[in-house]
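my questions are about this predicted structure, shown below with the sequence.
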Amino acid sequence: MFEVELRAALDVIRSAPRVGGIYEELEGREYRRLLLPETRYHVYYRVVGPEHVRVLAVWSAVRGRGPRL
């Protein structure tokens, strides 16, 4: 289930990179996250160009805090 949900989320991010909410802004950079509702993981990523997105972490939402970016 996790793999299927992650693939679907990556497809969404690929087609609409600003779909994820802003998680934090550091040094003028926006770090975003998108929730995988079935598995309760977040995909943390950053838009680095018009055609490029960098996935930084996949992190369990039940951990109570996000990763250090």
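Ah, there it is.

now tell me what touches the helix or strand where W59 lies from outside.
When elements are assigned from DSSP states H and E, W59 belongs to strand 52-60. Outside strand 52-60, the residues within contact range by C-beta atoms under 8 Å, 6 or more residues apart in numbering are 6, 10, 13-14, 17, 31, 40-48, 66-67, 69. The C-beta positions use only the backbone N, C-alpha and C, and glycine is treated the same way.

residues touching the residue in the chain sticking out farthest from the centre, list them.
In terms of distance from the mean C-alpha position of the chain, E27 ranks first, at 18.5 Å (C-alpha atoms, centre = their mean). Not one residue lies near E27 by C-beta under 8 Å, 6+ apart.

ok so, going back, buried set for the strand holding W59?
Neighbour-count burial for strand 52-60, with 16 or more other C-beta atoms under 10 Å as criterion, is recorded at 53, 56, 58.

from these, which is closest to M1?
Distance from M1 was checked for each of the buried residues of strand 52-60 by C-beta to C-beta. The minimum falls on V58, at 13.9 Å.

give me the pLDDT value at that closest one.
V58 carries a pLDDT value of 96.

just the strands in the chain please.
Under the criterion DSSP state E, the chain contains strands at 21-26, 29-36, 41-49, 52-60.

wait, V12 sits on L34?
Yes. Proximity of V12 to L34 meets the contact threshold set by C-beta atoms under 8 Å, at 7.2 Å.

of the contacts of strand 52-60, grab the buried ones for PyMOL.
Buried residues within the contacts of strand 52-60, as defined by 16+ other C-beta under 10 Å, are selected in PyMOL through the command that follows:
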select buried, resi 6+10+13+17+31+41+42+43+44+45+46+47
